[in-house]
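[1] got a predicted structure plus its sequence, pasted below:
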Amino acid sequence: MIPLTWNALLPLLIMLSSLIPGLLIFSTRENQQRLRTTLNLGGATVKLLLVGLMLYGVSQGQEFRFELPFLDQAPLVLHGDALSLQFITLSAVLWLATTIYAIGYMEDSPLRARFFGYFSLCVSATVGVALAGNLVTFLLFYELLTLATFPLVVHRGTPEAIRAGRVYLVYTLAGGTVLLMGIALLHSLYGTPDFTPGGNLGERMEGDALALRVAFVAMIAGLGVKAALVPLHSWLPRAMIAPAPVSALLHAVAVVKAGAFGIIRVVYDVYGVNTATELSLTPALMVLACITILYGSLRALQQTDLKKRLAYSTVSQVSYITLGVALAGPLAAIGGVVHLIHQGLMKITLFFCAGIFAETLGIHDIRELSGVGRRMPWTMAAFTAGALGMIGIPPLAGFISKWYLGVGALQVGQDWVVLVLLASGLLNAAYFLPVIYRGWFGEPDHEHWKRRIWPGQRLETHWMLLLPAVFTAMLALLSGVLAGSPASPLSWTELIIATEFEP
Amino acid sequence: MNNLWYLIPALPLLAAASLLLVGQRARAGIWLSCLPALFAAVAAPTAIEPEFLWPGASWGANTILQRGLLGGSALLWLFAGVFSLTDLKKDPHRLTFQLFWLVSLSGNLLWLVAGDALSFYVGFSMMSLSAYGLVVHRRTTRVRQAGRLYLQMAVTGEMLLFTGLMLAWHESGGSFRFSVWQEAEFDAITLLALIAGLALKAGFWPFHVWMPLAYPAAPPAAGAVLSGAMTKAGIAGLWLLLPAESPLLQQWGLPLLWLGLINLFYGALAGLLRRDAGETLAFSSVSQMGYLMLITAMAWHAPGLRPALMIVVTLYIVHHGLAKGSLFMATGLLREGTPSGAIARAMLASGIMLPALAISGLPFTTGAAVKTALKDQLPAAGLEPYSLAVQIGALASTLIMLRTLWLLYRVSASGPTRDKLSTLHLVGWSIPASACLFLPWLWPAMRSPTIDSLALYKLVELGWPIAAAAIMVAVTLYMRWTLPDHIGRRRSPALPLSLYLYRVLQRPPVPAPDPEEIPTQRTRKLERRWNHWWPRSTINNTIWVLLAVLMAGSLFMAL
């Protein structure tokens, strides 16, 4: 029944490359650390190789499609197209980095088998979301992602963590239900065809504008929970209670991005830009995104807890993606879709660094960061690169996204969006620059911080923590500096958008 | 040979990397990395197009303005770098200083070689932001306040420029090339965004407030490059980014000219009231910026004169950069101590007086050449009446220079004496200081205005403000007029504003709903009543009700 060709199996294999190690990890004993590490890193490496293979195949014009019958007119489809590869490459690369980081971070803490098991499941679900070839498949993995991340959020088991986990579950499950309603409504009208660039609704029926609008609102409301659109965002800052690698994954790759990615899919590959604009669905989304961008930044300013500040910054930054989609013009679309990658790289760097500060020096509050640059120059440098990128300082990655969003807004005649970007840039500077100032120029409270390395240590912290942070910071830098080169995320995004906006 | 252009911005970054890797053994990189820029300014290889960076990228310092500035700025950076070596010897934070120095240098050179707006912007922001590290190097409270204001203005300027850039890119049909932009026609908003962004950097009144705080706060070598090279990005940007012929700019020519006059006189008068040589020098920079604005305004007013005026503005920037840079270094030199020997003292005094008077337009120096060149263009631009204002401006700038010299004299009279000055200090300071004498003969572009300035009536025009200022100073000293003490110590009103802005931003007036504080009692009651309302399957019914509300809402929206 299943055609056993290479092109059909590759999407499945990519998913299994994290699912199987994840299930095996559940069965490991707590002290089988080496086995777990091998499984984790082995899975991540295999996945990276497979994704590389698929990337090559797609750039050569090959099709990758795996199908299983599921519902009436709605099969389970795993499909590798340019957009899903964008997301999947991001998740494969960052998963490897986060796994290394998590191994270093969770060293000597209890319940590692459970942690790493769910960690792998979470990545499998993310891959599923990325590879999903139609709305029903997307929904399936989207819900799986919710379930797989919950144990990670509450991993520490403290009352506060449980409370945050409950809020998380209430928000995401309710969102999932609303999303389900939207998808069901659409399914009843048009069935569930594959995602197609430019929209998959085909011939539109007479008088269905209302139903389409309702379905759109329901789907965006459902996706908006994970994408943390105001007013559906308040689970995100609370989920900060999770361990640092989980927050990093949550903010950069998995949950938040799944929401944003879903919005991209719905607007581009289900409705199509033209239909969405005809039904005047995009302006409302645009306004919502702008409000979220500004509100998130303002709330970020109020936080003194480093991770909370980063969380509100995510609320603001992820809406750049939504904004790019909602502007419904080719240039803005490039800005939005490329920000999926850029925000991931920058934000994961920031969370890695926040985790390093917390784990190595016990720093949680921004006021305790004074002079940390002298004790941990590499970590602080990575943090600085991420933060400057978020502000949009050239030539870092964030600048590229912001540039395309701005000129894209001008292209479609929405000039006021430039003002939003201006204000957001200023606010970003206002909440990141003081942190950077403290880190580099503050006077340390502790005399021993003035020495860079503590006796008996060769690096400023565990290498498994430091290496991923420096690696992702380098990626964020390079994808900005070399934006014009053919291997950059920008070039790949231009390719995707070219197919979406084909006349 | 053409690949030299890559080396110009890259070498400072390589020097920074080598400082990180091998430490202070690589400290010579701080000045050596200016050499390719100097070489390129003289040899002028053909431009390159590094398209792998972004479409339309072009590096090659194509205009006379950029080429002249490349030479002048590289010279200043080079000698200021040499000067800083002595200061850094015992500095615990020297590595930080060197790194910020090199990144600023790289940015500065990048915008100088840029042939497209994006390269310009990248260099501009690298320079602006990393110069913050130079400003706050001394880490006292005062310095931190100055740094905060600097950063607030720099980031604001940055964002405005970014906005302007996006608008201009859009209106020029998607190109970054200066050559395209100069032919383009921009909206008023676009022009305003660009001008405001650049004006914050250049210190147009009232955006000058950061200058008198930041320059004296920075170490002398950093003050020198800040005032002599970096702030000139603002003026250069006005020439490079804006269209050459624009009816709007033509209208704005006279307003800019008046703003320039405000800069000219306000800077001079405010500077006369200060008691610190660093501050008077900074105010003199504000005042001198007035001249540069004047020249720019002339080019806007009379676009036909643009090529000729571009040479004038280039000469003026290079002249002022080197002279002012050497004076900033002189403040550092004198604070260290004055030499005890009479000959050394005389040499030092003349080396300080020469650039100071060159700024006021002393005949036979670069100052005379640029002032003459400026005045010669006024009639052609139809702005003859302003000639007198320019001459009175020269009087004001002479006064502030004399005030600075007097303050420097007092520093040296009360300061320690030393047997010997550091050689590196002397080399770094003396060459920019003497540039005002040798530059007219070494630089072909400077030669003809210098010769022009030697006509007798021009010497009189140049000389009378200096003579008048000297007499005024002599009378003041003779009558022992002094300023009331409190005026000189008045703090800049910008500082409380900057602090206020910082505080507001740290606690923005946005409601912060804390979920723990929601009155759960009331909601719990409601919830119970709701649960009782439905005999069974409460959750499902709730979902249906919510959905119905949602649908009704979207219906409403659809209508």
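    Sure thing, it's come through.

[2] now do the strands in the stretch 1-150 of chain B.
    In the stretch 1-150 of chain B, no strands are defined using DSSP state E, counting those that start in this stretch.

[3] again with chain A
    For chain A, the strands defined by DSSP state E occupy A:64-71, A:74-80.

[4] let's have these in TSV, adding distance to chain B.
    For the C-beta atoms, the positions are set from N, CA and C on the backbone; glycine is no exception. Below are the strands of chain A laid out as TSV (distance: least, CB to the nearest CB, whole Å):
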stretch	distance to chain B
strand A:64-71	21
strand A:74-80	21
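
[5] quick one: name the residues of the stretch 201-350 of chain B near chain A.
    Proximity of the stretch 201-350 of chain B to chain A, by CB under 8 Å from any CB of the partner chain, involves no residues.

[6] where does pLDDT dip in the chain?
    This is for chain A. Counting by pLDDT under 70, the ranges of chain A that qualify are A:1-4, A:204-207, A:447-458, A:503.

[7] ah, no, chain B please
    B:488, B:512-521, B:554-559.

[8] next, the residue nearest in space to the middle of chain B: phi, psi?
    Residue closest to the mean C-alpha point of chain B, counted by CA atoms, centre = their mean, is B:Thr231 at 1.3 Å. With angles defined as degrees, to the nearest 10, B:Thr231 shows backbone torsions of phi -70, psi -20.

[9] what residues are up against it?
    Taking CB atoms under 8 Å, 6 or more residues apart in numbering or on different chains, we find B:Thr231 in contact with B:201-203, B:211, B:285, B:289.

[10] now, which of those residues sits nearest B:Ile64?
    B:Ala202 (19.4 Å; CB to CB).

[11] quick one: contacts for that closest one?
    B:231-235, B:238, B:289, B:292-293.

[12] of the strands of chain A, flag the one that's most buried.
    strand A:74-80 (a mean of 21; mean count of other CB atoms under 10 Å in any protein chain shown).

[13] who are the packing partners of it?
    Judged by 3 or more CB pairs under 8 Å, 6 or more residues apart in numbering or on different chains; DSSP states H and E, the packing partners of strand A:74-80 are helix A:6-26, helix A:33-59, strand A:64-71, helix A:112-131, helix A:135-153.

[14] possible to save the strands of chain A as JSON lines with distance to B:Leu53?
    What follows is the strands of chain A, written out as JSON lines (distance: least, CB to CB, whole Å):
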{"stretch": "strand A:64-71", "distance to B:Leu53": "33"}
{"stretch": "strand A:74-80", "distance to B:Leu53": "31"}
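
[15] so where do the helices sit in the stretch 351-500 of chain B?
    Here the stretch 351-500 of chain B has its helices, by DSSP state H, counting those that start in this stretch, at B:366-380, B:386-414, B:423-442, B:444-452, B:456-479, B:485-488, B:494-506.

[16] closest one to A:Arg112 among those?
    Nearest of these (CB to CB): helix B:494-506, 39.1 Å.

[17] the closest one near chain A at all?
    Yes. Using CB under 8 Å from any CB, helix B:494-506 comes into contact with chain A via B:505-506.

[18] packing partners for that helix?
    On a contact count with 3+ CB pairs under 8 Å, 6+ apart, helix B:494-506 meets helix A:416-441, helix B:141-171, helix B:210-217.

[19] so which of the ones you listed is the most packed in?
    helix B:210-217 (a mean of 27).

[20] what helices or strands is it leaning on?
    With contacts defined as 3+ CB pairs under 8 Å, 6+ apart, helix B:210-217 has these neighbours: helix B:141-171, helix B:277-301, helix B:494-506.

[21] in CSV, list those along with distance to B:Leu264.
    What follows is those, written out as CSV (distance: least, CB to CB, whole Å):
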stretch, distance to B:Leu264
helix B:141-171, 21
helix B:277-301, 3
helix B:494-506, 20
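
[22] which one of the ones you listed lies nearest to B:Gly133?
    helix B:141-171 (8.9 Å).

[23] tell me which other helices or strands that closest one touches.
    Against helix B:141-171 (3+ CB pairs under 8 Å, 6+ apart) you get helix A:397-411, helix A:416-441, helix B:117-135, helix B:188-202, helix B:210-217, helix B:232-241, helix B:494-506.

[24] just give me the neighbour total for residue 49.
    Picking chain A for this. 13 (other CB atoms under 10 Å in any protein chain shown).

[25] was after chain B, sorry
    16.

[26] returning to that earlier point: farthest-apart pair in the contacts of B:Thr231, please.
    Once CB to CB is applied, the contacts of B:Thr231 give B:Lys201 and B:Ser285 as the farthest pair, at 12.5 Å.
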